[in-house]
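S.K.: no FASTA, just this:
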Ligand SMILES: N[C@@H](CCC(=O)N[C@@H](CS)C(=O)NCC(=O)O)C(=O)O
């Protein structure tokens, strides 16, 4: 698989590569941004392996939102990790109405593998992130996908929890650490999640495998590193008319599980849902992952 370089931008000592490629899993062209820290370029060829931190974005996003506004690059360069920003769904699809809604369809892939037509042909974001994103290492051989962590915002925070809880349970070694900004913690109980799961999944029995409050109760992974979450109290999707995020449900679900006492849930007074909030805690989150990846 070839990742075509659309642009290469020098920033914070490293370089941001804006890439696109033909995905065999989502049957479409996908954009993905990759930040390679200065260590990628400065260290001798044979000696360096750069761990990877995947950042999953929220509803309406492309790889550009976090690249432009999350404020992660300086920290990635400080600790020597690469950042990967996948897109939030396949785009420009031959599906009628796929762009009509901001919380369903294009830019709202929910990091699941759809089983309902017409979405199932393209909306395979779970498999895409797990199987195709690591192929970046074929083109950028210093990237070490055996040492990887995951973080995300809102729908992407849900995604980060899913990858960590589901895949560590299955294989024990997939992701070293996880962190989230304002994640959708209990999708089965909120309008965003019900709309997405009902639209993409053929059978309601499939929903629980994509709900962190369900997954954490049966987590089997050997890795029980702390889950770091920040949630702003003035986030309109949390404190507005509808609580789409439900961090309390995750706090409740963790009780009595192997994650009891290891959910580092921080409610931060006054912060909203925006990238001003994310950038404020970006350093804390990258440090969390740098420690788990053995860089600090
Ligand atoms: N409905 C609004 C809000 C959606 C929203 O807040 N999306 C969050 C993720 S859930 C986001 O990251 N938006 C892009 C940005 O702030 O750059 C919109 O149309 O943009």
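M.R.: Right, received. Where do you want to start? In this text the structure is predicted, and so the values were computed from the model without any measurement. Numbering: from 1, shown residues only.
S.K.: helix or strand next in line after the helix or strand bottoming out on mean pLDDT in the chain, which one?
M.R.: The helix or strand with the lowest mean pLDDT-type score in the chain, counting by mean pLDDT, DSSP states H and E, is helix 168-171 (a mean of 77). Once the chain leaves helix 168-171, the next helix or strand it forms, by DSSP states H and E, is strand 178-181.
S.K.: give the buried residues for that next one.
M.R.: Using 16 or more other CB atoms under 10 Å as the burial criterion, the residues of strand 178-181 that qualify are 178, 179, 180, 181. To be clear about C-beta, it is placed using only N, CA and C from the backbone, and glycine gets the same treatment.
S.K.: of those, closest to the ligand?
M.R.: The shortest distance between the ligand and any of those, using CB to the nearest ligand atom, involves residue 181 and amounts to 9.3 Å.
S.K.: and the residue nearest to that closest one when sequence neighbours are not counted, how far is that from residue 287?
M.R.: Sequence neighbours aside, residue 153 is the residue nearest to residue 181 in space, at 4.4 Å (criterion: CB to CB, 6 or more residues apart in numbering). Computed as CB to CB, to the nearest Å, the residue 153 to residue 287 distance reads 17 Å.
S.K.: again, but for residue 130
M.R.: When distance is defined by CB to CB, residue 130 is 25 Å away from residue 287.
S.K.: what does residue 170 give?
M.R.: Residue 170 sits 28 Å away from residue 287, taking CB to CB as the criterion.
S.K.: comparing these two, which residue is more hemmed in?
M.R.: Applying other CB atoms under 10 Å to residue 170 and residue 287 shows that residue 287 carries more neighbours, namely 17 against 10.
S.K.: quick one, phi psi at that one?
M.R.: phi -60, psi -40 (degrees, to the nearest 10).
S.K.: can you give me how far the helix or strand hosting residue 52 is from the chain middle?
M.R.: Here residue 52 sits within strand 50-56, counting by DSSP H and E. For strand 50-56, the distance from its own C-alpha centre to the chain's C-alpha centre is 9 Å (CA atoms, centre = their mean, to the nearest Å).
S.K.: distance of the residue in the stretch 51-200 of the chain positioned nearest to the ligand from residue 152?
M.R.: In the stretch 51-200 of the chain, no residue comes nearer to the ligand than residue 58, which is 2.6 Å away by CB to the nearest ligand atom. From residue 58 over to residue 152 the distance is 8 Å, taken as CB to CB.
S.K.: near the ligand, which residues of the stretch 101-250 of the chain show up?
M.R.: With the criterion set to CB under 6 Å from any ligand atom, the stretch 101-250 of the chain comes near the ligand through 102, 153, 154, 155.
S.K.: in strands only, show me the residues you listed.
M.R.: Among these, the ones falling in strands (DSSP state E) are residue 153.
S.K.: ok, which pair from the residues of the stretch 101-250 of the chain next to the ligand is furthest apart?
M.R.: Greatest spatial distance among those (CB to CB): 102 and 153, at 15.2 Å.
S.K.: comparing those two, which shows the higher neighbour count?
M.R.: Just comparing residue 102 and residue 153: by other CB under 10 Å the higher neighbour count belongs to residue 153, 28 against 11.
S.K.: where does that one land on pLDDT?
M.R.: Predicted confidence (pLDDT) at residue 153: the value is 99.
S.K.: that one: what's it in contact with?
M.R.: The contact partners of residue 153, by CB atoms under 8 Å, 6 or more residues apart in numbering, come to 55, 56, 57, 58, 66, 180, 181, 182, 183, 278.
S.K.: contact partners for the last one?
M.R.: Taking CB under 8 Å, 6+ apart as the definition of contact, the neighbours of residue 278 are 66, 69, 70, 71, 153, 181.
S.K.: gap between the third one and residue 98?
M.R.: The span separating residue 70 from residue 98 equals 27 Å under the rule CB to CB.
S.K.: do I have it right that residue 70 meets residue 282?
M.R.: Yes - counting by CB atoms under 8 Å, residue 282 is a contact partner of residue 70 at 5.7 Å.
S.K.: now for the two: what residues contact both?
M.R.: Once CB under 8 Å, 6+ apart is applied, it turns out that residue 70 and residue 282 contact no residue in common.
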